[in-house]
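[1] predicted coordinates and the sequence they were generated for:
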Amino acid sequence: MTNKQNFTPEEWTRVWESVMLSGIAVSAADPSGLWGTFKEAFASKSALAASKLDPASNELIKAVIADLDTKEARASIREVLHERFDGVEPNEVVQRSLDDLKAVSVILDAKAPGDAAAFKALLCGISQKVAEATPEGGFLGFGGVNVSDAEKATLSDIEKALGRTA
C-alpha cells in the first residue's frame, strides 16, 4: 500500500497538486466564463468527494484526499496556482498543467506502481467531470455541446500525459 511516506515532500506536493491540475487543464482549454468556471470547480470537488466515500479507493487516493482536506493544503494550493498561472494565457495554463501531469505520472510509476493506475484513473475522471460540467458554445446555457472539441483534445492529452491510452 502506498501512502505519503513513499514520497519525498516535493514529490508528495506534486502528487496532490495533480488533482487540481487535471481539472484546471480542461477548464483552461475552453474557458466558460465566471458561472461555467464555478460549475467546473464544483464538478472537480464533487468527483473528489465521491472518491473519498468510495470504499474501493486505494490508500494513495485516501492519503491525497486527506491532505487536500486540510486548511494548510487549501492555502498552499491557492498560493501555488496564483504563482504558476497568474497572468498566463489559457493555452499556456493547459501546457503547464500537462507538463506537470506528465511529471507526476513518472513519480507515480516509480514510487507507487501498484496504486498508480487507480490514481491516474481518478485524475482522468476529474478532468472528464470538469469537461462535462457546463455546455460549451451555447447561449445563456442553452444549446452548444456538452464537451467541446478543445476539451476533448485536452482530455486526450491528459490521458497521454499520464501514460494511459486515450
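    Looks like it came in fine. Just so it is clear, the model here is predicted, and its values are computed rather than measured. Residues are numbered from 1 along each chain as shown.

[2] quick check, central residue of the protein?
    Taking Cα atoms, centre = their mean, the centroid of the chain lies closest to residue 22, which sits 2.1 Å from it.

[3] need the three-state assignment for it.
    Three-state assignment for residue 22 (DSSP: H, G, I helix; E, B strand; the rest coil): helix.

[4] which stretches of this structure have low pLDDT?
    Within the chain, the ranges that satisfy pLDDT under 70 run 136-144, 166.

[5] hmm, back to that, distance of the residue nearest to the centre of the chain relative to residue 1?
    Applying Cβ to Cβ, to the nearest Å, the value for residue 22 to residue 1 is 23 Å. C-beta here means a position set from N, CA and C on the backbone, and glycine is covered the same way.

[6] mind listing the helices for the protein?
    When assigned using DSSP state H, the helices of the chain occupy the ranges 9-29, 33-53, 59-68, 71-85, 90-111, 116-131, 149-161.

[7] for the longest one, packing partners?
    What that stands for is helix 90-111. Applying 3 or more Cβ pairs under 8 Å, 6 or more residues apart in numbering; DSSP states H and E, we find helix 90-111 packed against helix 9-29, helix 71-85, helix 116-131, helix 149-161.
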